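Engineer: any chance you can model this:
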Amino acid sequence: MNDTNLTTTTQTASATEAMEAAEAAERLIAEFRSLPPDNDRKREIITELDANAQALPFLVSVVADPGEYDLARVESATVLRLWPPADPALRHEAGRALLSALRDPEEDLVRQYAAMSLAPYTADPVVATVLNTTARADEDPLVRDSARFSIEEAHRLQETGAGGP
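Structural biologist: Residues are numbered from 1 along each chain as shown. Predicted coordinates:
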């Protein structure tokens, strides 16, 4: 097999994998939307979408929705911390969705995970400012500690060059 055939085979395999990931994401997202508000299967679905780049816009919307199941929001925040979007516009949107969750006065656990998940988004000056303020002055000590963790993680990501754009 020559190099051209190998390249074509690799491209075909990549396209097939991307199509399968998109189909899996669509199926799981449809199932998620069909479930009652506090169904724990929603959390499981978010876990199944882990590392599926096709699902990132959906995960951003889950984190940003204060009416959504709190544990699904927590799982979405975690996925967004582990797999921040490469697309700059979606990355910006994800950071802002996490900030929105951080400001949710009704959901302490969501706030903690949102604060903990902001490290990859600190290139946005608004995110960095809010995170620093949260680490110093939030009323909830667990949210403050989560913000401090995120700041330390952001520094580590910057030092290693793993922080992305």
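
Engineer: report the central residue of this structure.
Structural biologist: Nearest to the geometric centre of the chain sits Leu80, at 1.4 Å (CA atoms, centre = their mean).

Engineer: quick check: buried residues in the helix or strand hosting that one?
Structural biologist: Here Leu80 sits within helix 70-82, counting by DSSP states H and E. Buried positions in helix 70-82, judged by neighbour count with 16 or more other CB atoms under 10 Å: Asp70, Leu71, Ala72, Arg73, Val74, Glu75, Ser76, Ala77, Thr78, Val79, Leu80, Arg81. From N, CA and C alone the C-beta is placed, and that goes for glycine too.

Engineer: for Ser61, what are its contacts?
Structural biologist: Shown in contact with Ser61 (CB atoms under 8 Å, 6 or more residues apart in numbering): Ala97.

Engineer: got it, and the one 3 residues further on?
Structural biologist: Neighbour list for Ala64: Arg96, Ala97, Ser100, Ala101 [criterion: CB under 8 Å, 6+ apart].

Engineer: out of these, which sit inside helices?
Structural biologist: Arg96, Ala97, Ser100, Ala101 (DSSP state H).

Engineer: counting neighbours, what do you get for the first one?
Structural biologist: Counted by other CB atoms under 10 Å, the residues lying close to Arg96 total 17.

Engineer: look up how far Leu118 lies from it.
Structural biologist: Using CB to CB, to the nearest Å, we find Arg96 at a distance of 11 Å from Leu118.

Engineer: give me the common contacts of the two.
Structural biologist: Common contacts of Arg96 and Leu118, defined by CB under 8 Å, 6+ apart, comprise Val127.

Engineer: in what helix or strand does Glu20 lie?
Structural biologist: According to DSSP H and E, Glu20 maps onto helix 3-34.

Engineer: report the buried residues of that helix.
Structural biologist: Residues of helix 3-34 classed as buried: Ala21, Ala25, Leu28, Ile29, Phe32 (neighbour count, 16+ other CB under 10 Å).
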